[in-house]
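Student: just a sequence and a predicted model for now, questions to come.
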Amino acid sequence: MYTKVDRGSGKPGAVVVGGGIGGLAAALALLGRGWRVTVLELAAGLTPAGAGIALAPNGQRALDVIGLGDAVGALAAWQGDGGIRTPGGRWLARTDARAAADAFGGPVVLLHRATLIDTLAAALPEGTVRTGTAAELVDRGAADRPAVVRTADGDIRADLVVGADGIHSALRADLFPAHPGPAYAGFTTWRFVVPGPGSAFAPHETWGPGRLWGTQPLKDGRVYAYAAARAPVGARAVEGELAELRRLFGSWHEPIPALLAAADEDAVLRNDVHWMARSLPAHHRGRVVLIGDAAHAMAPTLGQGGNQALEDAVVLAHHAAPDADLTAGLARYSAERMPRTTAIVGTAQRAARLAMMRDPAAIALRNVLIRAGSAIGPGPLLRSFAEVMDWRPPTERMLTR
């Protein structure tokens, strides 16, 4: 496990651009390796808008490396037995949370994104994060010169720059100007958190023609709800997003109508989904390295976006020792992360197409196959997630060799 270090002036300096989950985790991991770290966040504060996040066992192992696994776990709810349903409420497949936890060495847990961000930020030394700070990459650096990041307060010379600036990353565009960037995935999403409906329900995803809905309870009694539907890129509801959700999902099974009745328009987030249809040639260039959505934006259908950013953070810190050859270390980071994240990006997009089919005949066949697979037991479904969930951090791999 990495331990915190003092931010002495003699240590190499790293600048993290972006104060989301990946950026804050990278800052903690790099501090633990002996770097001085400054996080530059464009927004005026770190607290994200209301939405939940599922942390799979792989993401929790990354949190263990930076010393926060237990703290985050204490704030999260286990994802209980649930499954996939039809809009009328019929179960297509049932999941066994205990079997999944046994198979992957731990459960999937859920918490509010703000809770996770607050926990990561609180673990950083005071003054590490500068909010309301725009950052521009002036020079990506090389083995014989530092990178340079420009802010309104002046230029920062950095031994390492971490691009954690999200799906529409400016740093990615600076490093790879010929790359087209993420492509529209063909659907949009909505998310909100509301008080629980007052009656028991099992966590679920519900799949309808070209649409899906998810309902997941949080530890504090609130419910995280999310939805997706095929739509033209950039489309927005004229009468408001809550009205659009009620139009699309209001006739589906409970507790969906009850959650929609309890929701407030201001609490509903809508975002078009983009994914890295064409992989980057590398996840680094010069002294700049990309993590999270900046490197490998993916559809949310596997719940792996945040988990992969956490993995990135600890793998980067493992390879980017402050007293070692950074060029070689960043090359090893790219070589390790690119095959894994590229595969998960593709799997997430295929899962999205499967969940949001529109052709009635294809949906009927899909549902028959899902029910048949579920009747066999949890084994086939668990095996399909094994390569994603069973990731081990490099420090652990080294200890077990």
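Tutor: The structure has been received and is ready for your questions.
Student: dump the residue contacts of the closest residue to residue 83 other than its chain neighbours.
Tutor: Counting by C-beta to C-beta, 6 or more residues apart in numbering, the nearest residue to residue 83 once its immediate chain neighbours are dropped is residue 94, at 4.2 Å. (C-beta placed from N, C-alpha, C; glycine too.) By C-beta atoms under 8 Å, 6 or more residues apart in numbering, residue 94 lies in contact with 81, 82, 83, 374.
Student: can you say which of these are buried?
Tutor: The neighbour-count test (16 or more other C-beta atoms under 10 Å) marks 82, 83, 374 as buried among those.
Student: inside strands: which ones of those residues?
Tutor: residue 83 (DSSP state E).
Student: switch the buried ones among the contacts of residue 94 over to a markdown table; also include pLDDT and distance to residue 132.
Tutor: Listed next are these as a markdown table, based on pLDDT from 0 to 100; distance: C-beta to C-beta, whole Å:
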| residue | pLDDT | distance to residue 132 |
| --- | --- | --- |
| 82 | 92 | 40 |
| 83 | 92 | 44 |
| 374 | 81 | 49 |
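Student: just for this structure, where's the confidence low?
Tutor: Within the chain, the stretches with pLDDT under 70 are 1-10, 50, 377-381, 396-401.
Student: which residue is nearest the centroid of it?
Tutor: In the chain, the residue lying closest to the centroid (C-alpha atoms, centre = their mean) is residue 306, at 1.9 Å.
Student: which element is it on?
Tutor: Taking DSSP states H and E as the criterion, residue 306 maps to helix 305-319.
Student: chain center to that helix: distance?
Tutor: Centroid separation for helix 305-319 versus its chain: 11 Å, with C-alpha atoms, centre = their mean, to the nearest Å.
Student: what's the answer for stretch 345-359, then?
Tutor: Using C-alpha atoms, centre = their mean, the offset of stretch 345-359 from its chain centre is 18 Å.
Student: hey, C-alpha coordinates of that stretch in CSV?
Tutor: C-alpha atoms of stretch 345-359 as CSV (Å, rounded to 0.1, in the frame of the first residue of the first chain):
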residue,chain,number,x,y,z
VAL,A,345,-14.7,-0.3,-24.3
GLY,A,346,-15.7,-2.8,-27.0
THR,A,347,-17.6,-5.1,-24.6
ALA,A,348,-19.5,-2.1,-23.1
GLN,A,349,-20.6,-1.0,-26.5
ARG,A,350,-21.8,-4.5,-27.4
ALA,A,351,-23.7,-4.7,-24.2
ALA,A,352,-25.4,-1.4,-25.0
ARG,A,353,-26.5,-2.7,-28.4
LEU,A,354,-27.8,-5.9,-26.7
ALA,A,355,-29.8,-4.1,-24.0
MET,A,356,-31.4,-1.5,-26.3
MET,A,357,-32.4,-3.6,-29.3
ARG,A,358,-35.5,-2.2,-31.1
ASP,A,359,-36.4,-5.0,-33.5
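Student: and that stretch, which residues are buried?
Tutor: Buried residues in stretch 345-359 (16+ other C-beta under 10 Å): 345, 346, 347, 348, 349, 352, 355, 356, 357.
Student: next one: stretch 253-261
Tutor: 253, 255, 256, 258, 259, 260.
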